[in-house]
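here's a sequence, model it:
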Amino acid sequence: MTSPDGRRWFIALLVMATLLQAATAVARPMASYRALDIGVAPGSLGLVAAAFAIAPVVFALSIGRLIDRFGESRFLIGAVLALGAASAGLSMVDSMAGLLLLLAVLGLAQLVFVVANQTAVATRTASGSYDGRFGHLSFVASLGQLIGPAAAGLVAADGTPEGTSNALLLGALLAAGALPLAVGVRRLDPGHAVAPRPDDGPRPSVLSILRMPGMGPAMLASLTVLSAMDILVVYLPALGEERGITPATIGALLAVRAGASMASRFLLGRLIGWFGRERLMIASLGVAAVAVVSLAVLPLPLMFVAMAVAGWTLGVGQPMTMSWVAARATVGSRGTAMSLRLLGNRVGQVAIPLAAGAVAAVAGSPGVLATAGITVAISAAVAAGTRQRD
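Predicted coordinates for the structure are as follows:
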């Protein structure tokens, strides 16, 4: 049973995560508009995306080690302050160098709060409740990513530089709203579900974490699922162009995917209870692979069915790999394991779309969707092989 304080702590963590995800989802697209406002050429916007992504790649493992050593609470508070300051700074910045620096701070703050959130859940939750709690954490992340752009669009609707600045200030206000919750998370802290023992020994190295049973397949599943979701967002419009599907219909298909993913994440605890963790993981990867590949050839009405199936099964993948990694990592190394998973995600988000681009040059958008489905199928086969060996 979870104590009342433990429930209050988790609710505060979820609300804080929603606000921080919403603040990030406001700041990222608005930073691109800000770049255009100060005279950055559209062809240079890739630097804006790279500035946000580079800090997580460089510092992911170091942040995980520090969180393991010093605890999550102070890092959550620091991430809230840094994210709010970066958003406010972006609303006033008038140089490319300043913009890129603030985006790097924003990316680092986002990395810190994601790793700290996931590590806090992993260390303060009994292993039998991992799936439900990580499902809810992924659900509120999706909710924040839905709320943020919608709110920013309303504030910046006139398309003026002032509207962009106001939207970025909204991001700073959302982060400020998370500060008392971050303090509350620290005050309500229920303590570790499993305390380290004196004989646990030194913290394991990165290589030893990767060699833990099932850890490699979990990392592979995580990066292939996330990359498949990115590819759907990027290449579905191109498929629509090739097949004469309107942008409004493509938007509706993507909305179906997002809604199905949120629903499966919210219900993940029950799904685990019905099917079992590993069986559900392997089955969801296999079904997702078929659904993604089928999008390339199905007629439009059936594409909505396939997209709902893909959204549901891909939505299961991310929180389940969180719980999978948390369950296999040793006490005192979960922050490092979580940051390693996020690092793998970032690498996959770069490498797989690049490979998909090469496929697109030869086979078009249908070939890209097929490639994305095949990578998910490979991760399903690897996970199934690991289950058999276990």
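
now do the same contact list for the residue nearest to L181 when sequence neighbours are not counted.
Excluding its sequence neighbours, the residue lying closest to L181 (C-beta to C-beta, 6 or more residues apart in numbering) is M16, at 3.9 Å. Every residue, glycine included, has its C-beta placed from N, CA and C. Residues near M16 by C-beta atoms under 8 Å, 6 or more residues apart in numbering: L76, V80, A178, L181, A182, V185.

what is the burial count for the second one?
What it means is V80. 26 (other C-beta atoms under 10 Å).

all helices for this structure, in order.
Using DSSP state H, the helices found in the chain span residues 4-37, 45-70, 73-90, 96-123, 130-155, 161-187, 206-210, 215-243, 247-266, 268-275, 277-294, 300-328, 334-389.

any chance of those helices in JSON lines, with mean pLDDT too?
JSON lines is the format used below for the helices of the chain (pLDDT from 0 to 100):
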{"stretch": "helix 4-37", "mean pLDDT": "86"}
{"stretch": "helix 45-70", "mean pLDDT": "79"}
{"stretch": "helix 73-90", "mean pLDDT": "94"}
{"stretch": "helix 96-123", "mean pLDDT": "90"}
{"stretch": "helix 130-155", "mean pLDDT": "84"}
{"stretch": "helix 161-187", "mean pLDDT": "92"}
{"stretch": "helix 206-210", "mean pLDDT": "75"}
{"stretch": "helix 215-243", "mean pLDDT": "82"}
{"stretch": "helix 247-266", "mean pLDDT": "84"}
{"stretch": "helix 268-275", "mean pLDDT": "81"}
{"stretch": "helix 277-294", "mean pLDDT": "90"}
{"stretch": "helix 300-328", "mean pLDDT": "87"}
{"stretch": "helix 334-389", "mean pLDDT": "78"}
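
hmm, back to that, measure the residue nearest to L181 to S323 for me?
To S323, M16 is 20 Å away according to C-beta to C-beta, to the nearest Å.

same deal with G317?
11 Å.

find the nearest non-adjacent residue to S73, please.
R186 (3.8 Å).

how many neighbours does the one you found have?
Number of residues near R186 (other C-beta under 10 Å) recorded here: 16.

likewise for L106?
Neighbourhood size, L106 [other C-beta under 10 Å]: 26.

what sits against it?
T24, A27, R28, A31, F52, A82, L83, A86, S87, L90.

give the buried residues for stretch 165-181.
Neighbour-count burial for stretch 165-181 flags 165-172, 174-179, 181 (criterion: 16 or more other C-beta atoms under 10 Å).

got the contact list for that stretch?
Against stretch 165-181 from outside (C-beta under 8 Å, 6+ apart): 12-13, 15-16, 19-20, 22-24, 26-27, 30-31, 34, 77, 80-81, 83-85, 87-88, 90-92, 148, 151-152, 155-156.

select only the buried ones of those in ChimeraX?
Per 16+ other C-beta under 10 Å, the buried members of the contacts of stretch 165-181 correspond to this ChimeraX selection:
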select :12,13,15,16,19,20,22,23,24,26,27,30,31,34,77,80,81,83,84,85,87,88,90,91,148,151,152,155,156
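
between the contacts of L106, which is nearest L268?
Nearest to L268 out of those is T24 (C-beta to C-beta; 22.7 Å).

next up, the contacts around that closest one.
Per C-beta under 8 Å, 6+ apart, neighbours of T24: L83, L106, Q110, G144, G148, G171.

what's the most distant pair in those?
Pairwise distances across the contacts of T24 (C-beta to C-beta) peak at 14.6 Å, for the pair L106 and G144.

quick one: contacts for A86?
A86 is in contact with A27, L102, L103, V105, L106, A109, counting by C-beta under 8 Å, 6+ apart.

the last one contacts A79, correct?
Yes - assessed by C-beta atoms under 8 Å, A109 is found in contact with A79 at 4.7 Å.

check contacts around the residue nearest to S73.
Here R186 is in contact with S73, R74, L76, I77 (C-beta under 8 Å, 6+ apart).

can you tell me the closest non-neighbouring residue to N117?
Per C-beta to C-beta, 6+ apart, closest to N117 is A17, 5.4 Å.

measure that neighbour to L174 for me?
For A17, the distance to L174 - C-beta to C-beta - is 12 Å.

next: A116.
Here A116 is placed at a distance of 18 Å from L174 (C-beta to C-beta).

and what of V316?
Taken as C-beta to C-beta, the span from V316 to L174 is 28 Å.

also A358?
39 Å.

check A88 too.
A88 sits 11 Å away from L174, taking C-beta to C-beta as the criterion.

OK, contacts around L76?
Contact analysis of L76 by C-beta under 8 Å, 6+ apart lists M16, V112, F113, A116, N117, A120, A182, V185, R186.

number of nearby residues for the fourth one?
It refers to A116. A116: 29 neighbours (other C-beta under 10 Å).

so what's it up against?
Per C-beta under 8 Å, 6+ apart, neighbours of A116: I67, E72, F75, L76, A79, G335.

what two of those residues are the furthest from one another?
Distance extremes for the contacts of A116: the farthest pair is A79 and G335 at 13.4 Å, using C-beta to C-beta.

higher neighbour count, these two?
In terms of neighbours (other C-beta under 10 Å), G335 is the more surrounded of A79 and G335; the figures are 29 against 26.

the more buried one against V112, yeah?
No - assessed by C-beta under 8 Å, G335 is found out of contact with V112, at 10.5 Å.

find the residues that touch each one of these two.
Taking C-beta under 8 Å, 6+ apart as the contact rule, G335 and V112 both touch I63, I67.
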